[in-house]
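Visitor: Build me a model:
(2 chains)
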Amino acid sequence: MIAFITRRLLLGVLTVWLISVLSFVIIQLPPGDFVDAYIAQLSASGSQVSAAEADSLRHLYGLGEPFYVQYGKWLARIITGDFGESMEWRRPVTEVIGDRIWLTLLLSFAALLLTWSLALPIGIFSAVRQYSFADYAFTLIGFIGIAVPNFLLALVIMYFSFVWFGTSVGGLFSAEMTLAPWSLAKVWDLMKHLPLPALILALGGTAQLIRIMRANLLDELRRPYVVTARAKGLSETRVIVKYPVRAALNPFASNIAYLFPYLVSGSIIVSIVLGLPTVGPLLVKALVAQDMFLAGTIVLLLGVMTVVGTFISDLVLMWVDPRIRHQMD
Amino acid sequence: MTTRRKFLGASAALAAVTAPTVDALAQAVTAKSAFDQSGLVGKLEGPTQVTTIPSSFKEAPQLGELVKAGKLPPVASRLPAEPLVLKPLESIGRYGGTWRRAFIGPSDGENGNRIMASDKLLFWDPTGSKIVPSVAKSHELSADGKTTTLFLRKGMKWSDGAPFTADDFVFWFEDLYGNKDIVPSPIPDMSAGGKPGRLVKIDETTVQFQFDNPNYLFPSLLAGDTLIGGGQAVRQSNGNTYAAYAPAHYLKQFLPKYSSEAEVNRRAREAGFDNWVRMLHVRKDWQLNPELPTLGPWKTVRPINTPTWAMDRNPYYYVVDTEGNQLPYIDKVIMSLAENIEVVNLKAMAGEFDLQERHIDLAKLPVILENRDRGKYDVHLDLAYNGADTTLHINMNHTADAEVGKWLGTADFRRALSLGIDRDQLNETFWLGLATPGSTAPAEVMPESPGPEWRKKWSVLDIAQANRMLDGLGLTKKDSEGYRVRTDNGQRLVIQLTAVKAFMDWPAHAQMIAQQWRKIGIYGDVKEQERGLAFQRASAGDHHILVWTNGGTELLYLYPLWALPVSTANGSYGPETARWYASNGAQGTKPSDPHMLRALELFRSAAAQKEEERNKTAQEIWKIMVDQQFHIGVCGQSPALMGVRLASRRLGNIPGRVCIAQHCRTPGSSHPSTWYYKS
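Guide: The predicted structure follows:
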């Protein structure tokens, strides 16, 4: 057991290192660098930059050096907890991400809770009452939920809320509150803005989970152990919740690995459409501007979260499913 | 009145997304009377400068309280002895309010820079046609054109209360501009006839720019949006260090000269920067550093790299109204970060911004009009002066493909491409019929305009003539689909149109042009590229034709970037020629085209000419550029770029039309400090 965990941990560290190399390579791949992107931006707004200035900017940001030197410097700093300075935002990367990470996590958690609290009961219900009217209704809604991309849903909802209520949905705070320090009023303002984006984010995932839960549970319901449990005279609720539902939860546990990075970046397109101040749009902008340290740090963060998520999901699976535990011994 | 109703009706119908009404709207708007009656294009107007100085001064209530508490000197001693006096457009305003506005991230610094544009030494009046005093109370150009003297305002102060004097100019020139670590290469603005000029202090309130050769252009450069004249807000942010003056008393602490390199580097590392240069670039950037002394009407209190860029009034602002009230009227400017431009437009229509012209999309005009009453805003269309919002910038030095390079370098080929464009169709589709089709030459009202006939020259649809010209060049053979083939290998001749989706949907424009070129047998291949990549490839000369605007060229000498290959910052017309010109012939290659050579020679000679002669030279250059079609104009003089202005009905002193042009620093020359909340 201990050996298994240690092995997984070491592999995890190796994977994270590989991810860091890969992410740095990928960010370097497109032609040009931050200074090119920056000059293009300046000339678009009517300024101009001479070649000599461009060179001095490159020197300032250490962009002229070979790839492995830049990577080495970056890694050496990361180990000491210094993620560098975002070239575009001209602030430490940790601060730029820090501004947004809590709202991102809050939004994603809200969406996740909503997904689970809707998907699990509905999934169980659909499986137990297979081919009932309600099952068909949920199936229909579910398929629509899977088929409609959630950014489209966001656009539609934005359109109607504007046409009907004359308000825009963009953002997580109203204009007066963005600048205000944290207070009860500001929390309330956030609470008022949160449900809509959370719902939009949750819907697609909910539909998928309903289908997964229904299919898994249907497999389990036909197993002999269910018949045995019933024959023993257990109540129907107990039969279903105690045994097949537990077995059907396995895919949920292994899903945890993907949940972690999803918490940070799952909402990219929806966030862009709705104008939410989360990490997703930050990553997109950083990639477009070739802001290496910012983009690199976010990609690395996503990688680390995937690795950590996988590790945790291994542990959870071992805990939930005795069969896996026994294989190990 | 009926026309107006029709127009509004048409726009309302359009909001229901019915395609045919687009034409109806366009027709309603382009018909001259409807344009006037619609009330959308107003009179070019703004606050005017007066010379009578009020006998006493007043200030915003919250500043008055600070004075009472002894935390701020009285208003009379905060203002210069001769403040700039503005007569507001309609009436004296009242103090108070917060200007809500949107910006799209730390790269959108121009959004705020332009509001602070009264920190320029000289500026333009609200019509954009006359140079007026600004930070400097007057200027004097010597008869030989070799010196320009600036007279500063006695007793003027930085936003922290420290005196603003000639020493701030000397500090900029010697310690910042003269330091190779900060400014790596001298700028063309500071030289005349190839020789660098000097900035000299005459006395506390007088400075002189001295050149060895005549430089009659220099006062215009000081007033224009140039490196030397742009003002502290724009030219000392984003890693730039120009603009002729800087707060010496504050910035000295960041320079090695006033302690030692080791000392400033140590302090830089303590503050989290790699070295002192990095720290200086952040500390002297008004967008990033709330402590930086500035001269504009407001100053940053929350920096641009946070979700809200906020500004408070500058208690030492040097401008008053005719009754002696210190400006600005509005207390605060709050810009909220929008993750994308669609959100800016939607929020603007919901009335969540008080005045917004930046990032407003012309294509949404019908919906914007429909929501006027609900969002409680007025819509103003401000027309630009530049010839073409959409311009095909042609690479006349293309070498990667010799055959394509040969044709792009041939005037008749370029003329044929231009004659093959149906500008009216483009105008209807992309400008709602609001633009003026024609060449790249500026609007006729501009002093440098070569005349109305040059707006049309080679720039109207004439497919028959275009075909004749292409046939005459020997491009007679066509392939099975009717496209002309190359003379070298018999393959189809493909002309690439590199387009970026930026201020307008240029890839879509390019697509329509490519379709129109079918009729002249030219295959146009639209390459949509990300902005950075497109510009990088253009500066390396890899492109055939780059689709972009020519905004700014209405004053050719102040902003020649998108008209002539004079700067290595833009290689669109051939990077080798640009390098040759910028290096005075030391590098690059001399252009083989005698017309290009002549245009560049004329351009170089202009700085030594007086205004009238200089304008004639500009007209000559425009005639060459249009006749030779160095760049093909499509449609311009439209409100497409920053010209759709949504102003809250609560605001007063809002001009009917503002000058939108590079040199006017839209909306800077309309002095936002004179705007106020009526209720």
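Visitor: Low-confidence bits of the stretch 401-550 of chain B, can you list those?
Guide: Judged by pLDDT under 70, the stretch 401-550 of chain B has no weakly predicted residues.
Visitor: State the mean pLDDT of stretch A:184-196.
Guide: Throughout stretch A:184-196, pLDDT has a mean value of 82.
Visitor: in that stretch, what's buried?
Guide: Buried residues in stretch A:184-196, counted by 16 or more other C-beta atoms under 10 Å in any protein chain shown: A:K186, A:D189, A:L190, A:H193, A:L194. To be clear about C-beta, it is placed using only N, CA and C from the backbone, and glycine gets the same treatment.
Visitor: can you tell me which of those residues are in helices?
Guide: Counting by DSSP state H, the buried residues of stretch A:184-196 place A:K186, A:D189, A:L190, A:H193 in helices.
Visitor: so the second one makes contact with A:W182?
Guide: No. Using C-beta atoms under 8 Å, A:D189 is not in contact with A:W182, being 10.6 Å away.
Visitor: Any chance you could list what contacts stretch B:326-333?
Guide: By C-beta atoms under 8 Å, 6 or more residues apart in numbering or on different chains, the residues outside stretch B:326-333 that reach it are B:57-60, B:62-63, B:75, B:78-79, B:86, B:93-99, B:101, B:112, B:115, B:297-298, B:310-313, B:317, B:319-321, B:671-677.
Visitor: Now for the residue nearest the centre of chain A, which secondary structure element holds it?
Guide: Centroid check for chain A by C-alpha atoms, centre = their mean gives A:Y262 as the closest residue, at 1.7 Å. Under the criterion of DSSP states H and E, A:Y262 resides in helix A:250-265.
Visitor: how long is stretch B:394-401 from one end to the other?
Guide: End-to-end distance of stretch B:394-401 (C-alpha to C-alpha, to the nearest Å): 14 Å.
Visitor: Buried ones in that stretch, by neighbour count?
Guide: Neighbour-count burial for stretch B:394-401, with 16+ other C-beta under 10 Å as criterion, is recorded at B:I394, B:N395, B:M396, B:N397, B:H398, B:D401.
Visitor: what's the closest non-adjacent residue to the one residue in the stretch 251-400 of chain B that gets nearest to chain A?
Guide: The minimum distance from the stretch 251-400 of chain B to chain A, using C-beta to the nearest C-beta, falls at B:V343 (3.7 Å). Distances taken as C-beta to C-beta, 6 or more residues apart in numbering or on different chains put A:G275 closest to B:V343, at 3.7 Å, once the chain neighbours are dropped.
Visitor: Equivalent analysis for B:G551, please.
Guide: B:N386 (4.9 Å).
Visitor: phi, psi of the one you found?
Guide: The phi/psi pair for B:N386 (degrees, to the nearest 10) reads phi -70, psi 150.
Visitor: residue contacts, it?
Guide: With contacts defined as C-beta under 8 Å, 6+ apart, B:N386 is in contact with B:P442, B:A443, B:T549, B:N550, B:G551, B:G552, B:T553, B:E554, B:G636, B:Q637, B:A661.
Visitor: So which of those residues belong to strands?
Guide: Judged by DSSP state E, strands contain the following of the contacts of B:N386: B:G636.
Visitor: Now, of the contacts of B:N386, which are buried?
Guide: For the contacts of B:N386, a burial check counting by 16+ other C-beta under 10 Å picks out B:P442, B:A443, B:T549, B:N550, B:G551, B:G552, B:T553, B:E554, B:G636, B:Q637, B:A661.
Visitor: out of those residues, who's nearest chain A?
Guide: Closest approach to chain A among these (C-beta to the nearest C-beta): B:G552, at 6.2 Å.
Visitor: ok, that closest one to B:I660 distance?
Guide: 11 Å (C-beta to C-beta, to the nearest Å).
Visitor: Also A:T139?
Guide: With distances taken as C-beta to C-beta, A:T139 is found 56 Å from B:I660.
Visitor: These two - which one has more neighbours?
Guide: The neighbour count for A:T139 versus B:I660, taken as other C-beta atoms under 10 Å in any protein chain shown, is higher for B:I660 (26 against 16).
Visitor: out of everything not next to it in sequence, what's closest to residue 268?
Guide: No chain was given, so I picked chain A. Leaving out its chain neighbours, the residue that sits closest to A:I268 by C-beta to C-beta, 6+ apart is A:G280, at 3.4 Å.
Visitor: Chain B was what I was after
Guide: B:M279 (4.0 Å).
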